[in-house]
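[1] below is the sequence, then the predicted model.
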Protein chains: 2
Amino acid sequence: MNLQRLLADLAIETDSRIVFVVADGLGGLPKEAGGETELEAAATPHLDELARHGTTGLVHPVSPGIPCGSGPGHLALFGYDPVTHAVGRGVLSALGTGFDLQSGDVAARGNFCTVDQHGKVIDRRAGRIADTEGERLVEKLSQIQFDGVEAIVRHVKQYRFTVIFRADGLGASVNDSDPRRTSVKPHPLEAADEAARRTVAAANQFIDRAREILQEEQSANMILLRGFGSLPDIPSMHQAYRLDACALAVYPMYRGLARLLDMRVPERANGLSEQVEQLKAAFQQHTFFFLHHKSSDSRGEDGDFEKKVEALEELDRIIPTIAELNPDVLVVTGDHSTPSVLKRHSWHPVPVALSAPTCRPDRTTCFGEREAITGGLGQFAAKHLMPIALGHAGKIDKFGA
Amino acid sequence: MNLQRLLADLAIETDSRIVFVVADGLGGLPKEAGGETELEAAATPHLDELARHGTTGLVHPVSPGIPCGSGPGHLALFGYDPVTHAVGRGVLSALGTGFDLQSGDVAARGNFCTVDQHGKVIDRRAGRIADTEGERLVEKLSQIQFDGVEAIVRHVKQYRFTVIFRADGLGASVNDSDPRRTSVKPHPLEAADEAARRTVAAANQFIDRAREILQEEQSANMILLRGFGSLPDIPSMHQAYRLDACALAVYPMYRGLARLLDMRVPERANGLSEQVEQLKAAFQQHTFFFLHHKSSDSRGEDGDFEKKVEALEELDRIIPTIAELNPDVLVVTGDHSTPSVLKRHSWHPVPVALSAPTCRPDRTTCFGEREAITGGLGQFAAKHLMPIALGHAGKIDKFGA
């Protein structure tokens, strides 16, 4: 069954409003066996009330057992099969800078790195150089020019940048030069087809020139490229569900992903309360809202259990203001789990709470991983969450007579 | 994996007997937040006992979030993927009138409607005219004749009718003339291929003649056609599972659907107790029985919570008689949910109870939506229910060594 086509056929444009609050890396683990997870430990009275009046469950972003990145995690939440609609890291990175990626462009994510005198990588992140330093170096790389292909460089954050190759007939089937470990040289770029060969030729010229330009630098004396990709052919939220969508996100990658799906993306807010103000201001103009909370993931990746708890408590405090807007369907979930004890994205299913007048009662008493196991939504693939929200919002026509 | 082919390969013909009792529109919602659903409120001691001794769960007829019609809902219960085996509305409508649809016939569902002097639709249901009025108008349409294609018209209910086009080489890939909204003209019919062009030519003649015939009518002065379709190529219950099936159903659509799957369909019974008598009489002659209870859906669509409760209590009273027949597997479920507070089919998953000596114990204490959340069957796609029943009946061979 092609779920995407079925939904596009059955979707109805209505005035009802859906809000998705996405706490990045929401799912967690206890510090000690049998203890409470970050979400369970957090004091979240408003989320608990939401869960109690609504229904809960657990979603698997990609497929059970598979750790998930934020890109596919969000695509799944937006109802797109994240494997069918794989979006390259380079594309997400380019979109994240606000760059207006064109069809046919090939984007790659870049890292400044440190190599020794033999060209072996000794630090894949060039000592995590500061933003100002990264900006200065990107300025230098922007001077690179060569015949036939335009190379556009954009700074992302710290040691990270994006490079976009623009010319006719470029292909994106190129491996990573980033070896993902140290004490080895960067991988040579290899092309899977003729179009990709043109990209490799351009990227190799870019890398050679970058090496020359950076050779006098202390730490950032080389670059690594990975995640070559082009804009995917993905239906917009309106094509897919007849939704007029709006994204309240601070971080570039999520703003870029939202733009890719034709969501409106207001100017960057300064933190959660401003995001909520933006949501209020835009509430009459759209039928779907995606509000992204980043720090739950960041604190999880830092391995800081208590700070992740605080990040979730911060999220809890904005829930009443959102609930007051009286959306027809309010969903709180995450794009993947980031247990602070693991300091990284994991494969654990992600708790979801859904509140709507049409929720069937279950026995959920609070919002947490244990409780969600026996929630009314059960465990399911994250890509089904959007249809469930659309169903509760009365936005799906009956299938068959 | 092609589940259908796998099952056909592994199915074993045995004497064991499976009974599916299908309460149409079974799943519900409480009248007030946190209250009891219709099924939970109903006094159903026999269904509760069945659930307690057996196991329970929740099924999604099509896919989570998608409201489901009775046609696809039943196909899913019979183990057929309802999207792969989509049966057009026209076909279900024709089967529903008891019409003996032939391979090659193209059937469409028709509405009498009201158009203004410019031909724009102002009421898609012609003021929901009464059955007698609908019958009178269908009588008029039945006089329409033209060369090369036979047009057969059958009244369905109120403003609804079915028209069957019969000739060699007709195709069903024709769009709806029904614009699904008012203040616009009906859509012109368009054909997707050469065979469909012949159908469009015939249908346009039919529509033109209908317009002339109906022009003096007060409200029903035009027709809309939709859901053009032909008999699908669908394996019979015997081809699919080596089952010799029998359907005890009162309503024409369900009888038609059963015939489509080569079930034996005894003459129409007058209500539940007669259906049970038919089941008893036929019990030695078949290995699968489908007993259909309609009123739970009808009362749900009426928005009558109490009457739906009564309809479920009525069903409960026949359970002991069925259990006394000692079927190897007894399943009670629904084809979709019809919460009376919504007055329509919904997307909510449907409770199922399955009783067999081989049931693994769970903690189910009664038959209801809340209880089914934590039942031993879990939540799953409805198309898997038939294989589970076949498994308990010992009718599926081991896959692999």
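    In hand now; what should we look at? Residues are numbered from 1 along each chain as shown, chains lettered A, B, ... in the order given.
[2] who's in contact with the nearest residue to A:Gly27 once chain neighbours are set aside?
    Once flanking residues are discounted, A:Gly27 sits nearest to A:Ser337: 2.9 Å by Cβ to Cβ, 6 or more residues apart in numbering or on different chains. No exception for glycine: its C-beta is placed from N, CA and C like everyone else's. Contacts for A:Ser337 (Cβ atoms under 8 Å, 6 or more residues apart in numbering or on different chains) come out as A:25-29, A:345-350.
[3] could these be laid out in TSV, adding neighbour count and secondary structure?
    Output for these, formatted as TSV (neighbours: other Cβ atoms under 10 Å in any protein chain shown; DSSP: H, G, I helix; E, B strand; the rest coil):
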residue	neighbour count	secondary structure
A:Gly25	31	coil
A:Leu26	30	strand
A:Gly27	30	strand
A:Gly28	32	coil
A:Leu29	21	coil
A:His345	23	coil
A:Ser346	22	strand
A:Trp347	16	coil
A:His348	22	coil
A:Pro349	23	coil
A:Val350	31	strand
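[4] of all these, which comes closest to chain B?
    A:Pro349 (13.6 Å; Cβ to the nearest Cβ).
[5] the closest one and A:Leu58 touch, don't they?
    Yes. Using Cβ atoms under 8 Å, A:Pro349 is in contact with A:Leu58, at 3.8 Å.
[6] give the residues shared as contacts by those two.
    Common neighbours of A:Pro349 and A:Leu58 (Cβ under 8 Å, 6+ apart) are A:Gln379.
[7] which parts of the stretch 201-350 of chain A are strands?
    Using DSSP state E, counting those that start in this stretch, the strands of the stretch 201-350 of chain A run over residues A:222-229, A:245-248, A:288-293, A:329-333, A:350-355.
[8] ranking the ones you listed by mean neighbour count, which comes first?
    Among the strands of the stretch 201-350 of chain A, the stretch with the highest mean neighbour count (mean count of other Cβ atoms under 10 Å in any protein chain shown) is strand A:350-355, at a mean of 28.
[9] so where is chain A shaky, pLDDT-wise?
    A:1 (pLDDT under 70).
[10] biggest strand in it, by residue count?
    strand A:106-115 (DSSP state E).
[11] mind listing the strands that one pairs with, and their directions?
    With DSSP bridges as the test, strand A:106-115 is paired with strand A:121-123 (antiparallel), strand A:160-166 (antiparallel), strand A:222-229 (antiparallel).
[12] which of those strands sits closest to A:Leu95?
    Nearest of those to A:Leu95, taken as Cβ to Cβ: strand A:160-166 at 8.9 Å.
[13] how far off centre is that closest one?
    Here the centre of strand A:160-166 is set off from its chain's centre by 18 Å, with Cα atoms, centre = their mean, to the nearest Å.
[14] can you check stretch A:131-150 too?
    26 Å.
[15] got it, and stretch A:182-197?
    26 Å.
[16] I'd say A:Ser238 and A:Asp262 touch.
    Ser isn't right for residue A:238; it's His. Yes. With contact defined as Cβ under 8 Å, A:His238 counts as touching A:Asp262 (6.2 Å).
[17] rewinding a little: for the longest strand of chain A, C-alpha coordinates in CSV please.
    C-alpha atoms of strand A:106-115 as CSV (Å, rounded to 0.1, in the frame of the first residue of the first chain):
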residue,chain,number,x,y,z
VAL,A,106,24.6,19.1,-5.0
ALA,A,107,25.2,20.0,-1.3
ALA,A,108,27.6,18.4,1.1
ARG,A,109,28.2,19.0,4.7
GLY,A,110,31.7,20.1,5.6
ASN,A,111,33.8,19.9,8.8
PHE,A,112,37.0,21.8,9.4
CYS,A,113,39.4,19.2,10.8
THR,A,114,43.0,18.9,11.9
VAL,A,115,45.4,16.7,9.9
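[18] up against chain B, what does chain A have?
    A:1, A:3, A:6-7, A:10, A:53, A:357-358, A:360-363, A:374-376, A:378-380, A:384, A:386-392, A:396-401 (Cβ under 8 Å from any Cβ of the partner chain).
[19] any idea which residue of the stretch 101-250 of chain A lies closest to chain B?
    Counting by Cβ to the nearest Cβ, the stretch 101-250 of chain A gets nearest to chain B through A:Tyr241 (10.7 Å).
[20] list the contacts of that residue.
    Counting by Cβ under 8 Å, 6+ apart, the residues that A:Tyr241 touches are A:7-8, A:11, A:79, A:288, A:386, A:390, A:395.
[21] and A:Ala269, how far from A:Ile318?
    12 Å (Cβ to Cβ, to the nearest Å).
[22] shared neighbours of those two, anything?
    By Cβ under 8 Å, 6+ apart, the residues touching both A:Ala269 and A:Ile318 are A:Gln275.
[23] quick one: end-to-end distance for stretch A:263-273.
    From its first residue to its last, stretch A:263-273 covers 20 Å (Cα to Cα, to the nearest Å).
[24] I should have written stretch A:237-251 there, sorry.
    20 Å.
[25] where do the helices sit along the stretch 151-300 of chain A?
    Taking DSSP state H, counting those that start in this stretch, the helices of the stretch 151-300 of chain A run over residues A:194-214, A:237-241, A:252-260, A:272-282, A:295-302.
[26] these into a markdown table, with extra columns for distance to B:Thr44?
    Below are the helices of the stretch 151-300 of chain A laid out as a markdown table (distance: least, Cβ to Cβ, whole Å):
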| stretch | distance to B:Thr44 |
| --- | --- |
| helix A:194-214 | 64 |
| helix A:237-241 | 38 |
| helix A:252-260 | 48 |
| helix A:272-282 | 45 |
| helix A:295-302 | 44 |
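[27] give me the common contacts of A:His238 and A:Asp262.
    Joint contacts of A:His238 and A:Asp262 (Cβ under 8 Å, 6+ apart) are A:Ala245.
[28] among the contacts of A:Tyr241, name the ones in helices.
    Among these, the residues falling in helices (DSSP state H) are A:7-8, A:386, A:390.
[29] if any of those are buried, give me the PyMOL selection for them.
    Buried subset of the ones in helices among the contacts of A:Tyr241, written as a PyMOL selection, criterion 16 or more other Cβ atoms under 10 Å in any protein chain shown:
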select buried, chain A and resi 7+386+390
